[in-house]
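# Sequence first, then the predicted structure:
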Amino acid sequence: MELIDKLSILADAAKYDASCASSGAPKRSSEGKSGLGSTNGMGICHSYTPDGRCVSLLKILLTNFCLYDCQYCVNRRSSDVPRVRFTPEEVVTLTLDFYRRNCVSGLFLSSGIIRSADYTMEQLIRVAKLLREEHEFRGYIHLKTIPEADPALIEEAGRYADRLSVNIELPTDASLQTLAPEKQLGSIKQAMQTIYTGLQTVLNEPRAPKFAPAGQSTQMIVGADDTDDSTILHSAQALYGNFRLRRVYYSAFSPIPNSPKSVPLAAPPLMREHRLYQADFLLRNYGFTAGELFKGPGHLALDIDPKLAWALENRDVFPLDLNHAEASLIARIPGIGLRTTERLVELRRQRRIRYEDLTRMRCVLAKAKPFFITSDYHPQQAEVTSHLLYQQLRDRPAPQQMGLWG
Amino acid sequence: MIHLDCDDLFDTWRQQARWLLSHEVDPSLVSWASEGVADLFASDDAPPETQGPFQARIPRTLLDTLERAARYRGDQRWSLLYEVLWRVSHGDRTAVLAGDKLGSELQRRIKQIQREAHHLHAFVRFVAMPEGEGPHYVAWHEPAHDILHSASEHFIGRMGRHRWLIATPRDGVYYDGERLIHQRRCPIEWQQLAQNADDPHSDMWLTYYSHIFNPARLNPTVMQGHLPMRFWKNLPEGALIPGLIIQARTGKQQDGQASGIKGRGGKRITLGDAERLQNP
């Protein structure tokens, strides 16, 4: 089969992985050297597809032959898709070609499980090794890790890759048993532990060989089963804590062709995914805990963002005086982000903050207004009940034409 | 009213601003020619020849900030910078802060500059040239601000020993393997080379682009936020975008698979005995 046919099938098979990040790699440069490629820690999005997702890496499967039968996956063994396989050399050629064109900043390679976990992992490593050693490629490499592979192979992968990831897929053992019978939470976490140990070993050892300097990430599928947001975010929090993951990606389940009965055939829950990312951001950067965002089991609200939802539940904290409040609390005001907080703190060292200053900073005033005080402003809405504020601030779906047939 | 022209060069502007500041010329009394448009209120007041008595202490970081903001193409490109300089040199540091009226405009410009530099790093598309003396790779790009010279250094680290050229409607850069050469007026040969480069192997990238797109997640608004339409015409994938959107809206939105994969003859896999042993 022609290379271009393989490319079309294996790119189509790889699109369900959400991550395309090329950030976090150490500074590397090819200036005056043979070989190709550089990284500087910042990711570059070289293009965007009409689904609004960025194209930063050549995201591809080595093969879509797979022995597993994960129900949510287009490449499961019972799926009726054309099957092809790249040679490692073909992936190398494509990566270098796209890289020279400045279409991508590196490679994100994953694979179906062929023969055995170890064999598959060896093939993935071979591609990375060819790129790094034969072609002196200094761009970004992200390797998907096969959980059941020998830890020695995972360690080898870490020497070539900037980032390693093991997909947790579903946050509970019960869901995995139903939808991905060959996968086990135990072995997935074991692989994360292996990567974590590898990262810890080279930490503070400047002379040690590099190990996955951009850290590890994972992905959870949202909406393929009935796991609630609370469970999802509590397990994300545990993953950040236990394995120091850089990112947990949430992938709204998109229906696959010839969908089995066990997974929904509905449109992907994009809004839910969006709210999960917002909440995840609050966990990683704003010092929130999952317990603060959820009173019990359940989902995040779809019509208000999680920070606003928290503020409405915790009115006793507000309104906050921007001229005196701690920075970490200012960042908890809905509509005011980390950047604005930084700017406010910088400004109040020079003079007192006035309402007008906020209009010039990029914050969502309509949302923030009820929750802060400045030297010339006290919110009228401070006394309004949370329920009424919720009614005023929630997103309303645009009115839709009713269906002709009811 | 003093009317000046710095030929859109930061160093020239800096000299002029230094004279003005030393004479404590109020910002409202100065204007700079922008983009060849004559100022309606320009008069023949000659700028002061010698240095005046006022000695301002200008921190190095402020000059760096101003130099970055100077890459912005737009109205009041230079007079805004002078006003900031004036206020800071008279003890008002808020002039550079986003909370201030002037400072917020300054910060907005710097942000635009950074964004445009990032656009260069992301959206330049190199085309390989036939073997020869000249560049190995050429690209045509249309930046909205004067970022080419400073931002194109990024490609020195990226492209290794390759020689490459980026031409724009105004300026151009050529890396000859050792030095980065910047031409304020891009030579017409460079422009022609970049605009007429033949690319017989572009189909791989186009195939990848259309197959990595998930039609079930169609979201053109978000896409346009990140990839403004003005770049589409110079991106090889730009021409595919409207077609992919329409395809998704007319039926391909039900699942994630790209059209063209379906109906190619699939293959279900049965587990052989050996595989069953390895994967119990």
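Yep, it's here. The shown structure was predicted, so the numbers you read here are calculated from the model rather than taken from an experiment.
# Quick check: residues of the stretch 51-200 of chain B near chain A?
B:93-94, B:97-101, B:104, B:118, B:121-128, B:137, B:139, B:154-162, B:178 (Cβ under 8 Å from any Cβ of the partner chain). Glycine gets a C-beta too; all of them are placed from N, C-alpha and C.
# Among those, which lie within helices?
Residues of those located in helices (DSSP state H): B:101, B:104, B:118, B:121-123, B:154-159.
# Would you write a PyMOL line that selects the buried entries of these?
Filtering those down to the buried ones (16 or more other Cβ atoms under 10 Å in any protein chain shown) takes a single PyMOL command:
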select buried, chain B and resi 104+118+121+122+123+154+155+156+157+158+159
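# starting at the chain centroid, how far to the strand or helix carrying A:Trp310?
Assessed by DSSP states H and E, A:Trp310 sits inside helix A:306-313. In terms of Cα atoms, centre = their mean, to the nearest Å, the centre of helix A:306-313 is set 23 Å apart from its chain centre.
# Show me what it packs onto, helices and strands only.
helix A:270-285, helix A:290-293, helix A:386-393 (3 or more Cβ pairs under 8 Å, 6 or more residues apart in numbering or on different chains; DSSP states H and E).
# Tabulate the ones you listed (TSV), appending distance to chain B.
Shown next, in TSV, are the helices and strands packed on helix A:306-313 (distance: least, Cβ to the nearest Cβ, whole Å):
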stretch	distance to chain B
helix A:270-285	6
helix A:290-293	24
helix A:386-393	22
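# you'd agree B:Asp255 is up against A:Ser254?
Yes: the criterion here is Cβ atoms under 8 Å, and B:Asp255 meets it with A:Ser254 at 6.7 Å.
# rewinding a little: export the helices and strands packed on helix A:306-313 to a markdown table and append columns for mean pLDDT and mean neighbour count.
Output for these, formatted as a markdown table (pLDDT from 0 to 100; neighbours: other Cβ atoms under 10 Å in any protein chain shown):
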| stretch | mean pLDDT | mean neighbour count |
| --- | --- | --- |
| helix A:270-285 | 96 | 18 |
| helix A:290-293 | 95 | 17 |
| helix A:386-393 | 92 | 14 |
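# Nearest approach to B:Gln112 belongs to which of the ones you listed?
helix A:270-285 (24.6 Å; Cβ to Cβ).
# Give me the helices and strands touching the closest one, please.
strand A:216-222, helix A:229-243, strand A:247-252, helix A:290-293, helix A:306-313.
# Relative to A:Gly37, which of these is closest?
Among the helices and strands packed on helix A:270-285, the nearest to A:Gly37 by Cβ to Cβ is strand A:216-222 (21.0 Å).
# and the closest one, what other elements does it pack with?
strand A:163-165, helix A:185-202, helix A:229-243, strand A:247-252, helix A:270-285.
# Of the ones you listed, which stretch is the most buried?
Greatest average neighbour count among these goes to strand A:163-165 (a mean of 28), per mean count of other Cβ atoms under 10 Å in any protein chain shown.
# And it, what does it pack against?
Against strand A:163-165 (3+ Cβ pairs under 8 Å, 6+ apart) you get strand A:140-144, helix A:151-160, strand A:216-222.
# at contact distance from chain B, anything in stretch A:59-66?
Yes: using Cβ under 8 Å from any Cβ, we find that stretch A:59-66 touches chain B at A:59, A:65-66.
# Looking at the residues you listed, which are in helices?
With helices taken from DSSP H, there is no overlap with those.
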